[in-house]
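Q: okay, sequence plus prediction incoming.
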Amino acid sequence: MSMTASMRRPPGATLHGAVACGALLVGGTGCGSMTSDPVQEQWESRASLPSCGSLQLQQGEAVEVEGETEVACLQRALDSGRGAELTIRYPTTEGDPVTNYYRVTADGSTEVYTDSTQDAFSDGKWGFASCDQPEMALDVNC
């Protein structure tokens, strides 16, 4: 998945899997991972970081405008060497929801996990990109 200038950047896990897993455990059949997507598993097992909030963008809105405060929080985390996370949800051109989870790590790298499982025109998988030496907090492909 490519990141474009229009900030095509990406919903989180639901309780349904946990409830189904619990039902399997009660029945004695056991329960393994509820997902076979390794990127989603990586996201779910990550060490959490302080939150810079969450944005819900509407069609045509830009994160640089609508999320100025949240992006500034992420940039401060990058500049200071602290970690932070920011969640950005947005609709595709067709209106399907996509969620991007941006992270700035304590080592100064950036990451984005993209959940496009509800995008009917995507591969239906999670994506990941990172940058070891970003100039800006949203730089994830360098």
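A: Yep, it's here.

Q: buried residues in stretch 115-122?
A: Of the residues in stretch 115-122, 115-117, 119, 122 count as buried by neighbour count, 16 or more other Cβ atoms under 10 Å. In this view, the C-beta of every residue, glycine as well, is placed from N, C-alpha and C.

Q: same thing with stretch 61-69?
A: Across stretch 61-69, burial judged by 16+ other Cβ under 10 Å covers 63, 66-67.

Q: now, which of the buried residues of stretch 115-122 lie within strands?
A: Per DSSP state E, strands hold the following members of the buried residues of stretch 115-122: Asp115.

Q: which one of the buried residues of stretch 61-69 sits closest to Ser109?
A: Checking these against Ser109 with Cβ to Cβ, the nearest one is Val63 at 19.7 Å.

Q: please report how far that closest one lies from Gln133.
A: Relative to Gln133, Val63 is positioned 22 Å away (Cβ to Cβ, to the nearest Å).

Q: one more: Ala72?
A: Ala72 is 20 Å from Gln133, where distance means Cβ to Cβ.

Q: ok, those two, which is more surrounded?
A: Between Ala72 and Gln133, counted using other Cβ atoms under 10 Å, the more crowded position is Ala72 (12 against 9).

Q: nearest the middle, which residue of the chain would you pick?
A: Nearest to the geometric centre of the chain sits Tyr101, at 2.1 Å (Cα atoms, centre = their mean).

Q: can you tell me the closest non-neighbouring residue to it?
A: Tyr113 (4.4 Å; Cβ to Cβ, 6 or more residues apart in numbering).

Q: does that neighbour really touch Gly127, like I thought?
A: Yes - the criterion here is Cβ atoms under 8 Å, and Tyr113 meets it with Gly127 at 7.3 Å.

Q: between the two, who's got more neighbours?
A: With neighbours defined as other Cβ under 10 Å, Tyr113 and Gly127 compare such that Tyr113 has more, 24 against 20.

Q: wait, doesn't Glu64 sit right on Val71?
A: Yes - counting by Cβ under 8 Å, Glu64 does reach Val71; the two are 6.8 Å apart.

Q: quick check: phi and psi on Arg82?
A: Dihedral angles phi and psi of Arg82 (degrees, to the nearest 10) take the values phi -100, psi 160.
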